[in-house]
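Engineer: take this sequence and fold it.
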Amino acid sequence: MSKTVFSGLQPTGKMHIGNYIGAIKQWVKLQEETDAIYCIVDLHAITVPQNPKALREKVLEVAALYLACGLDPKKAHIFIQSENPNHPYLAWVLNCVTPFGQLERMTQFKDKSEKQKEGTSAGLFNYPVLMVADILLYQTDEVPVGEDQKQHIELTRDLAEKFNKTFGETFKLPKPLIQAHTARIMSLQNPTAKMSKSDIDPLGTINLLDSEEEIREKVKKAITDSGSEIIHGENKPAISNLLTIYGVFSGESPIQTEEDFRGKSYSEFKQKLADLLVEKLKPIQQRYQETRNNEQELRKILDEGRDFVIKKSSITLKKVKNRVGLI
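Structural biologist: Residues are numbered from 1 along each chain as shown. Modelled structure (predicted):
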């Protein structure tokens, strides 16, 4: 029996090459060898204020990008989180066994609530429990995540273990699947910070749907380190980041990339990097346009995904309701 893998991205901001390299590229590989379930987590998105019309559009944009980047609905189940009511149902049950103090200690809550101050919602406080429900509903074996999400998987295992001990064996204990060799893509304007949808400097991120002009401008204006050698190194974080991006999209090893650009100037290297990104993102953008323009087909894929996950997750939820005494 194959392993079940679950993951998802929020439909907020613009999806960038960091999301592609760090998440979707791994998902495409995993769909070949697992029972893969991939979600657009719109319920998580509303923990901060959203424009309703823009959010609906973003959900479909992300779904179309999933497909454009290589997710195959014949191999993976793709759905919108809010279309499966089992997610908030299980989240409520789990909220009733989750220690308050454990949620207070969640790093992302502490960081975000510090920024939002009085505007911090109960949803932001509680959303890690919804994330736990997302995962446990499908008896997930592995969750592909970045290092920054590891704490959420630990919470998932803690709550699953607590529920199992209190009410009887119900949930699998999922493991985080952290790809050891996945490249960590940093901001083009601040190589000490991860490339992020929320980066206030638009020059810091290369988005999957950026035009050729935008890609070239962002690469041209990317900051570099002192000196002129194009090599990986701790003392050259900016050029190392650009080399990493080049290596991922070219398929070359870091050593080969360094060899290719030995004796070349930063501007020559940036020119080649821009050419490569334009070339590699073009087919993704073309597939995206085709998929997004055929909303009927896109909706059909999402409906099939929804029907599958409701059926699968209802088995777990029925067991949970029986365990806790709900009719």
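
Engineer: need the next SSE after the helix or strand that contains Leu243, C-terminal direction.
Structural biologist: Assigned by DSSP states H and E, Leu243 falls within helix 237-250. Using DSSP H and E, the helix or strand that follows helix 237-250 in sequence is helix 254-260.

Engineer: quick one: whichever helix or strand comes after that next one to helix 237-250, angle?
Structural biologist: Past helix 254-260, further along toward the C-terminus, the next helix or strand under DSSP H and E is helix 266-293. Helix 266-293 and helix 237-250 are oriented at 50 degrees to each other (axes from the mean of the first three to the mean of the last three CA atoms, to 10 degrees).

Engineer: tell me the buried residues in the helix holding Leu243?
Structural biologist: By neighbour count on 16 or more other CB atoms under 10 Å, the buried set for helix 237-250 is 238-250. To be clear about C-beta, it is placed using only N, CA and C from the backbone, and glycine gets the same treatment.

Engineer: and Glu279, how far is that from Gln285?
Structural biologist: For Glu279, the distance to Gln285 (CB to CB, to the nearest Å) stands at 11 Å.

Engineer: would you agree Arg323 is in contact with Phe167?
Structural biologist: Yes - contact criterion CB atoms under 8 Å: Arg323 and Phe167 qualify, at 3.9 Å.

Engineer: Gln289: which of the buried residues of helix 237-250 is nearest?
Structural biologist: Phe249 (20.4 Å; CB to CB).

Engineer: and the closest one, what is it in contact with?
Structural biologist: Contacts for Phe249 were tallied using CB atoms under 8 Å, 6 or more residues apart in numbering; they are 276-277, 280.

Engineer: filter the residues you listed down to just the buried residues.
Structural biologist: Among those, the ones that count as buried by 16+ other CB under 10 Å are 276-277.

Engineer: the closest residue to Ser7 other than its chain neighbours: neighbour count?
Structural biologist: In space, and not counting its chain neighbours, Ser7 is closest to Pro144: 5.0 Å by CB to CB, 6 or more residues apart in numbering. Using other CB atoms under 10 Å, Pro144 has 23 neighbouring residues.

Engineer: in contact with Pro144, which residues?
Structural biologist: By CB under 8 Å, 6+ apart, the contact list for Pro144 reads 5, 7, 23, 26-27, 30, 177-179.
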